[in-house]
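Novice: Below is the sequence, then the predicted model.
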Amino acid sequence: MHAITDTPQVILGPRVRKSPFFDATRRYGCQAYTIYNHMYMPLYYESPEADYWRLINDVTLWDVACERQVEITGPDAYHFARLLTPRNLSRCAVGQGKCVPLTDAAGGMLNDPVLLRLGENHFWLSLADLDIRLWAQGIAFNAGMDVTITEPDVSPLAVQGPMADALIRDLFGSKAAELRYFWFYETQLNGIPLVVARSGWSKQGGFELYLRDGRYGDELWEQVVAAGAPYNIAPAAPSVIERIESGLLSYGADMTVDNNPFEIGLGKYVDVEQEIDFVGKAALRRIKVEGIKQKLVGVEIHGESLPGNEHPWPVERNGGPSGKVTSAIYSPRLKKNIALAMLPIASTDLGTQLTVETPLGLAAAVVAPQPFVLPRT
């Protein structure tokens with residue numbers, strides 16, 4: 001019988017895809033990877049906390065090429081994009097991005113990508129961790145619409161942190177630095193084809209550079225690093241600490257297909273009155289009328305600092321089961337344990353006292369406002 005280790009490894013191999021920035025991440029000292037959308041995604045470089053403080057104080061560079069794109073083109077692309085999401089896209093302009101829940105026929109969450117509209121009938125879905133291209137192709141086949149659905153050669157590189165604006169201004173000028181949140185434009189950097197968007201999976205301010213030709217991955221990485229030297233740039237990865245502080249949700253942890261948009265705070269993106277008969281419309285209309293039985297909330301967990309959770313932690317209230325912690329971490333800024341938890345509606349009022357079963361034993365907890373830290377942007 002083999003002994004259990006506290007430090008399991010991810011063994012690199014040819015079966016899992018590598019991003020155009022993968023060699024750079026190795027060269028710059030990435031210490032750990034996970035698998036996301038069938039690709040290696042960096043987890044941290046110096047340490048999760050050290051990388052976090054660089055994101056909070058300076059500017060960081062993330063390989064997030066695992067945010068794969070589903071490209072939708074063709075004469076019916078606009079109508080098809082509206083079929084996929086309960087969010088009303090009638091006012092989505094070319095050059096604009098929007099967070100769009102994707103739901104199945106029962107109203108369950110399949111993904112929460114950012115949709116980018118590159119043309120009247122040209123869209124990208126910038127994905128969380130699920131095979132949405134296959135889902136979209138199946139919907140298109142049955143809808144009988146004239147669309148083409150592919151995965152283009154597009155790989156995002158994120159520039160995140162309070163000095164990101166200054167760095168992007170140096171690289172691209174005022175047009176990029178003055179973009180509104182989720183807006184973007186197409187450009188080049190010394191011949192490298194890009195889409196520059198004000199977006200990213202943090203609330204510290206930042207941009208995503210959508211590389212449109214993977215051959216330039218290493219070159220783009222080095223150009224951004226060189227330009228970022230005056231701003232103390234460092235390689236990092238999406239920070240679990242910062243994203244919980246900011247109330248950003250992780251698909252597969254804080255939501256799955258068993259949750260609907262209303263339960264996870266995305267009800268504002270559901271328009272059941274629009275004329276489009278989008279996937280899940282009938283179910284979401286019924287859920288909106290009947291109300292939800294559980295909801296994702298913020299929770300503070302008292303006691304000594306806790307590790308991040310590898311699996312949901314059971315929650316109790318008044319001695320009985322009352323939901324689960326979906327994501328938890330110790331916040332160095334707040335000096336407390338913070339978490340997101342899916343709880344029955346009766347347990348979601350602010351100040352509700354709870355007990356959480358943690359790896360260190362039972363701990364007192366309380367429902368708290370979120371985000372735990374107000375965003376910079």
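Specialist: Everything's here; your move.
Novice: Could you find the closest non-adjacent residue to Thr85?
Specialist: Val100 (4.2 Å; CB to CB, 6 or more residues apart in numbering). Using the backbone N, CA and C atoms, a C-beta is placed for each residue, glycine as well.
Novice: oh, I was asking about Ala328
Specialist: In space, Ala328 is closest to Ala339, 3.8 Å off (CB to CB, 6+ apart).
Novice: what's the answer for Pro371, then?
Specialist: Excluding the flanking residues, the one nearest Pro371 by CB to CB, 6+ apart is Gly247, at 3.8 Å.
Novice: Could you check which helix or strand contains the one you found?
Specialist: According to DSSP states H and E, Gly247 maps onto no helix or strand at all.
Novice: if we can go back for a sec, list the residues that contact the residue nearest to Thr85.
Specialist: By CB atoms under 8 Å, 6 or more residues apart in numbering, Val100 lies in contact with 84-85, 87, 89, 112-115, 125, 269.
Novice: what helix or strand is the residue nearest in space to the middle of the chain on?
Specialist: Nearest to the mean C-alpha position of the chain, by CA atoms, centre = their mean, lies Trp201 at 5.3 Å. According to DSSP H and E, Trp201 maps onto no helix or strand at all.
Novice: Compute the number of surrounding residues for the closest residue to it other than its chain neighbours.
Specialist: Among residues not flanking Trp201 along the chain, Pro238 sits closest, at 5.0 Å (CB to CB, 6+ apart). Pro238 has 25 neighbours, counted by other CB atoms under 10 Å.
Novice: for Pro238, helix, strand, or coil?
Specialist: Here Pro238 is recorded as coil under DSSP: H, G, I helix; E, B strand; the rest coil.
Novice: my read is Asn88 is in a helix, agree?
Specialist: No: membership of Asn88 in a helix is not supported by three-state DSSP, which gives coil.
Novice: I'd like the distance between the spatially closest residue to it that is not a sequence neighbour and Leu89.
Specialist: Excluding its sequence neighbours, the residue lying closest to Asn88 (CB to CB, 6+ apart) is Asp271, at 4.1 Å. Distance of Asp271 to Leu89, computed by CB to CB, to the nearest Å: 9 Å.
Novice: Between the two, which has more neighbouring residues?
Specialist: Neighbour count, other CB under 10 Å: between Asp271 and Leu89, Leu89 has more, with 21 against 17.
Novice: ok, Gly74 - contacts?
Specialist: Gly74 is in contact with 80, 121, 145-148, counting by CB under 8 Å, 6+ apart.
Novice: which secondary structure element contains Ser322?
Specialist: Residue-wise, Ser322 maps onto strand 320-331 under DSSP H and E.
Novice: which residues are contacting that strand?
Specialist: 240-241, 244-245, 250, 253-254, 294, 296, 299, 301, 305-309, 312-316, 336-344, 347, 354, 356, 358, 372-373.
Novice: Now, these that are in strands?
Specialist: Under the assignment DSSP state E, the contacts of strand 320-331 contribute 294, 296, 299, 301, 313-316, 336-344, 354, 356, 358 to strands.
Novice: What's the local residue count around Ser155?
Specialist: Residues near Ser155, counting by other CB under 10 Å: 25.
Novice: Now it: closest residue in space, sequence neighbours ignored.
Specialist: Ala65 is the one closest to Ser155 (CB to CB, 6+ apart), at 3.6 Å.
Novice: Tell me if I'm right that the residue nearest to Ala328 and Gly247 touch.
Specialist: No: checked against CB atoms under 8 Å, the pair Ala339 and Gly247 is beyond contact range at 11.3 Å.
Novice: Next one: the residue nearest to Asn88 from Thr355, what distance?
Specialist: Separation of Asp271 from Thr355 (CB to CB): 39 Å.
Novice: which residue ranges form the helices in the protein?
Specialist: Applying DSSP state H to the chain gives helices spanning 22-27, 48-57, 77-84, 132-143, 164-172, 174-177, 217-228, 240-245, 281-290.
Novice: mind giving me the domain ranges of the chain?
Specialist: The chain breaks down into these domains under automatic domain parsing: 25-67+153-244, 69-150, 245-368.
Novice: centre of the chain versus the longest one, how much separation?
Specialist: To tie it back to what came earlier, the one meant is domain 25-67+153-244. Relative to its chain's centre, domain 25-67+153-244 lies at 14 Å (CA atoms, centre = their mean, to the nearest Å).
Novice: avg pLDDT for it?
Specialist: Across domain 25-67+153-244, the average pLDDT comes to 98.
Novice: Please list only the buried members of the contacts of Gly74.
Specialist: Those of the contacts of Gly74 that meet the buried threshold are 80, 121, 145, 147, by 16 or more other CB atoms under 10 Å.
Novice: Closest one of those to Gln188?
Specialist: Asn121 (23.6 Å; CB to CB).
Novice: returning to that earlier point: so which of Ala339 and Gly247 has more stuff around it?
Specialist: Neighbours per residue, other CB under 10 Å: of Ala339 and Gly247, the larger number sits with Ala339, 26 against 19.
Novice: Which pLDDT does the model give the more buried one?
Specialist: 98.
Novice: Spit out the contact partners of Ile233.
Specialist: For Ile233, the contacting residues are 58-61, 163, 167, 224-225, by CB under 8 Å, 6+ apart.
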